[in-house]
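>>> I would like the atomic coordinates for the input below:
(one chain, ligands or ions: 2)
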Amino acid sequence: MGVEVLAFSLPSPASQWERLSSSHQASTRGAVEIGGIELKATAVTSQASLSFRSHIVGQSESCFSKRHIFAGPHPRWLEPPSAGWKRSLRKHRLPSGTLVASEIQESNKLSVGKEKVGVLLLNLGGPETLDDVQPFLFNLFADPDIIRLPRMFRFLQKPLAQFISVLRAPKSKEGYASIGGGSPLRKMTDAQAEELKKSLWEKDVPANVYVGMRYWHPFTEEAIEQIKKDGITKLVVLPLYPQFSISTSGSSLRLLENIFKEDEYLVNMQHTVIPSWYQREGYIKAMADLIEKELQKFDLPEEVMIFFSAHGVPLAYVEEAGDPYKAEMEECVDLIMEELEKRKITNACTLAYQSRVGPVEWLKPYTDDTIIDLGEKGVKRMLAVPISFVSEHIETLEEIDVEYKELALKSGIEKWGRVPALGTEPTFISDLADAVIESLPYVGAMAVSNLEARQSLVPLGSVEELLAAYDSQRRELPPPVTFWEWGWTKSAETWNGRAAMLAVLVLVVLEVTTGEGFLHQWGILPLFR
Ligand SMILES: C=CC1=C(C)c2cc3[nH]c(cc4nc(cc5[nH]c(cc1n2)c(C)c5CCC(=O)O)C(CCC(=O)O)=C4C)c(C)c3C=C
Ligand SMILES: [Fe+2]
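Ligands and ions are numbered 1, 2, ... in the order given. Predicted structure coming up:
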């Protein structure tokens with residue numbers, strides 16, 4: 001099989017983007033053969049060098065001493081001669097310029113020099129007390145990356161968020177009450193930040209680590225204020241989501257983009273983003289370690305179904321807005337299973353999606369349906385692996401540990417286990433530190449005004465370019481909320497109908513926010529007491 005690739009080597013550490021782009025031109029080479037597959041080098045284009053650059057950022061330290069293949073348009077690290085490498089190569093067989101073979105001999109020694117390096121961890125945030133639940137939900141639903149209203153109705157975003165958050169709060173509160181009265185997310189993320197900082201310092205990178213949450217304290221704005229106070233000159237932005245989704249990392253980056261735009265200090269501060277890191281060896285190994293350990297707790301470990309439960313997103317994010325989340329999730333599961341195979345663990349596995357909200361279609365199969373289905377098929381042992389998130393949170397502690405466990409036991413599954421979240425597991429933290437270190441040569445390397453970079457298919461490192469790569473058109477999405485069930489669907493065909501629904505909505509929003517109106521008089525509201 002012949003595959004067109006771009007082959008080049010770097011003669012020196014890629015400390016500057018300019019150096020990278022000039023060096024690759026000179027080092028184009030002929031065909032290479034890896035794992036029995038002939039890889040033909042073609043002319044090196046800047047598109048390819050961009051692919052190369054962005055993927056170095058996401059890779060482990062070991063990549064600096066071996067020969068590698070990078071595949072696009074969402075390239076991932078492929079390490080020959082594993083089976084996964086060949087499969088991925090076939091899967092991603094793409095036009096010239098999307099595969100890159102490289103050989104890099106230099107080490108990635110970094111000089112931090114007089115720069116002040118900061119790492120900004122981005123996360124979702126969670127209510128710390130039950131009183132925080134409704135305002136937290138308001139912030140979440142007011143996010144246009146969670147509910148994206150048609151342009152002409154954007155003015156309704158906040159009243160709608162108020163409405164939905166008030167309706168949902170009682171159910172959410174119940175969940176948070178059952179896990180101790182609040183989310184553990186802040187504590188966990190702070191601990192991860194602390195450990196990451198220690199690991200960076202141990203690796204001779206004296207960086208400060210900041211936590212910026214999207215929907216609760218410490219808000220991203222607060223983290224940015226601190227970054228400015230500390231005089232950080234180089235910033236690595238690291239979303240704490242292994243896989244990229246418009247609704248998670250994308251939303252946080254969108255917010256950062258807005259903050260950066262409005263601030264002179266920040267416009268001039270150099271930064272780079274590590275958009276997703278599920279493909280990193282350290283992360284994959286840490287996940288495999290956790291799974292291996294939990295499997296040993298079963299009486300017949302080899303009989304256990306490894307059940308990856310990922311957080312869902314509405315299907316339209318993937319199908320209409322180009323969210324790479326599903327592809328990245330599937331690849332992530334493949335990589336973990338390959339790692340387990342290397343350890344002679346060959347259990348069956350399933351991937352399903354949990355936590356859907358509202359009536360629109362989300363990624364399938366759904367976790368609850370799949371559990372019932374597997375129970376019916378006679379599966380007796382199941383190990384749940386939460387895979388979208390690296391901290392314990394309401395959806396692991398309540399949804400998986402209580403609801404899905406109960407459902408599984410009712411469905412005929414006899415033994416249920418759950419892999420803990422990675423938290424501050426040392427292999428994982430050390431790998432995150434490596435990811436940061438490997439990204440440092442690229443901080444600020446790409447001019448924001450670089451037009452070519454903006455048009456590239458792959459994430460390039462800066463907030464702006466990354467957002468331009470995914471979801472560039474910001475298409476309208478069906479909102480994933482219950483409210484929509486009674487009207488704002490594709491089947492709502494006439495503007496008259498929509499106008500009527502709008503009128504009802506405005507009345508309901510007014511009623512929910514003021515606590516007075518016809519629904520209260522008729523005893524319909526409040527729905528939850
Ligand atoms: C309504 C749309 C939502 C989308 C899309 C969504 C995507 C998404 N979320 C996570 C991770 C987490 N979400 C968490 C809480 C949470 N998420 C939504 C809604 C959407 N999430 C709601 C309404 C809530 C609040 C809890 C509830 O009422 O159910 C959390 C928990 C935080 C905590 O407090 O512990 C996490 C984590 C991912 C990874 C994701 C898409 C990939
Ligand atoms: Fe969520």
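>>> what residues does the stretch 201-350 of the chain put near ligand 1?
By C-beta under 6 Å from any ligand atom, the residues of the stretch 201-350 of the chain that approach ligand 1 are 241, 245, 247-248, 311, 313, 325. Just so you know, the C-beta spots here come from the backbone N, C-alpha and C atoms, and that holds for glycine as well.
>>> switch to 8 Å and redo it
Residues of the stretch 201-350 of the chain lying near ligand 1 by C-beta under 8 Å from any ligand atom: 216, 241, 243, 245, 247-248, 310-314, 317, 325.
>>> In strands only, show me those residues.
Among those, the residues falling in strands (DSSP state E) are 310-311.
>>> Need the worst-confidence member of the residues of the stretch 201-350 of the chain next to ligand 1.
For those, the model is least confident at Tyr317; its pLDDT is 89.
>>> Could you check how far the residue nearest to that one when sequence neighbours are not counted is from Gly312?
Nearest non-adjacent residue to Tyr317, counting by C-beta to C-beta, 6 or more residues apart in numbering: Asp323, 4.1 Å away. Using C-beta to C-beta, to the nearest Å, Asp323 is found at 12 Å from Gly312.
>>> Need the overlap of contacts for the two.
With contacts defined as C-beta atoms under 8 Å, 6 or more residues apart in numbering, no residue is shared by Asp323 and Gly312.
>>> hang on, isn't the residue nearest to Tyr317 packed against Val313?
Yes - counting by C-beta atoms under 8 Å, Val313 is a contact partner of Asp323 at 6.4 Å.
>>> mind listing what's buried in stretch 181-199?
Within stretch 181-199, the residues scored as buried using 16 or more other C-beta atoms under 10 Å are 182-186, 188-189, 192-193, 195-197, 199.
>>> Just send those back as a markdown table, with pLDDT too.
Listed next are the buried residues of stretch 181-199 as a markdown table, based on pLDDT from 0 to 100:
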| residue | pLDDT |
| --- | --- |
| Gly182 | 97 |
| Ser183 | 97 |
| Pro184 | 96 |
| Leu185 | 97 |
| Arg186 | 97 |
| Met188 | 97 |
| Thr189 | 98 |
| Gln192 | 98 |
| Ala193 | 98 |
| Glu195 | 98 |
| Leu196 | 98 |
| Lys197 | 98 |
| Ser199 | 97 |
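>>> Check those residues one by one and keep those near ligand 1.
For ligand 1, the contacts drawn from those by C-beta under 8 Å from any ligand atom are 182-185.
>>> Quick one: mark the members of those residues that sit in strands.
Per DSSP E, the subset of these in strands is empty.
>>> Now flag whichever of these is closest to Glu303.
Nearest to Glu303 out of those is Pro184 (C-beta to C-beta; 32.2 Å).
>>> Now do the contacts for the nearest residue to the closest one once chain neighbours are set aside.
The shortest distance from Pro184 to any non-neighbouring residue, by C-beta to C-beta, 6+ apart, is to Glu392 (5.6 Å). Residues near Glu392 by C-beta under 8 Å, 6+ apart: 184, 188, 420-421, 423.
>>> for the protein, what helix or strand is lowest in average pLDDT?
helix 17-26 (a mean of 29; mean pLDDT, DSSP states H and E).
>>> still on that earlier bit, which of the contacts of Glu392 sit farthest apart?
With C-beta to C-beta as the measure, no two of the contacts of Glu392 lie farther apart than Pro184 and Pro420, at 12.1 Å.
>>> can you tell me the residue of this structure closest to ligand 1?
The chain approaches ligand 1 most closely through Gly126 (2.4 Å), counting by C-beta to the nearest ligand atom.
>>> how near is the closest residue to that residue other than its chain neighbours to Asp401?
Spatial nearest neighbour of Gly126, chain neighbours left out: Ser183 (2.5 Å); criterion: C-beta to C-beta, 6+ apart. Ser183 sits 15 Å away from Asp401, going by C-beta to C-beta.
>>> Residue ranges in this structure under the pLDDT threshold?
Filtered on pLDDT under 70, the chain yields the residue ranges 1-113, 444-504, 507, 511-512, 514-529.
>>> do that again at 90, thanks
Applying pLDDT under 90 to the chain flags the ranges 1-115, 145, 147-154, 253-254, 256-276, 279, 316-317, 319-323, 356-360, 438-529.
>>> Which helix runs longest in it?
Secondary structure of the chain per DSSP state H: the longest helix is helix 157-178.
>>> List the buried residues in that helix.
Buried-residue list, helix 157-178, by 16+ other C-beta under 10 Å: 157, 159-169, 172-173, 175-176.
>>> which residues sit against that helix?
Contacts of helix 157-178 (C-beta under 8 Å, 6+ apart): 127, 130, 133-135, 137-142, 144, 147, 149, 182-183, 357, 394, 398-399, 402, 481-483, 505-506, 508-509, 512-513, 527-528.
>>> contacting residues around Ile387?
With contacts defined as C-beta under 8 Å, 6+ apart, Ile387 is in contact with 242, 287, 308-310, 329, 332-333.
>>> let's go with 10 Å and repeat that
242-243, 278, 287, 308-311, 329, 332-333, 336, 351, 419, 421 (C-beta atoms under 10 Å, 6 or more residues apart in numbering).
>>> Return a PyMOL selection command for the buried portion of those.
The following PyMOL line selects those of these that are buried, judged by 16+ other C-beta under 10 Å:
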select buried, resi 242+243+278+287+308+309+310+311+329+332+333+336+351+419+421
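>>> for the closest residue to Thr350 other than its chain neighbours, helix, strand, or coil?
Residue nearest to Thr350 in three dimensions, not counting chain neighbours: Phe307, with 5.4 Å by C-beta to C-beta, 6+ apart. With DSSP: H, G, I helix; E, B strand; the rest coil as the basis, Phe307 sits in strand.
>>> Likewise for Gly212?
Secondary structure, three-state DSSP: Gly212 is strand.
>>> Near it, how many other residues are there?
Using other C-beta atoms under 10 Å, Gly212 has 25 neighbouring residues.
>>> Show the contacting residues for it.
Applying C-beta under 10 Å, 6+ apart to Gly212 gives the contacts 120-123, 125, 189, 218-224, 226-227, 237, 239, 252, 255-256, 259.
>>> number of nearby residues for Pro218?
18.
>>> hey, what's the closest residue to it other than its chain neighbours bridged with?
In space, Pro218 comes closest to Val211 once its chain neighbours are excluded; the distance is 5.7 Å by C-beta to C-beta, 6+ apart. Taking DSSP bridges, one finds Leu121 as the beta-bridge partners of Val211.
>>> Isn't Val211 up against Ile224?
No - counting by C-beta atoms under 10 Å, no contact exists between Val211 and Ile224, whose distance comes to 11.4 Å.
>>> Pretty sure Leu140 sits against Tyr215.
Yes - between Leu140 and Tyr215 there is a contact under C-beta under 10 Å: 4.8 Å.
>>> Could you name every residue contacting both of the two?
Common neighbours of Leu140 and Tyr215 (criterion: C-beta under 10 Å, 6+ apart): 124-126, 146, 251.
>>> among the contacts of Gly212, which are in helices?
189, 220-224, 226-227, 252, 255-256, 259.
>>> Great, nothing more from me.
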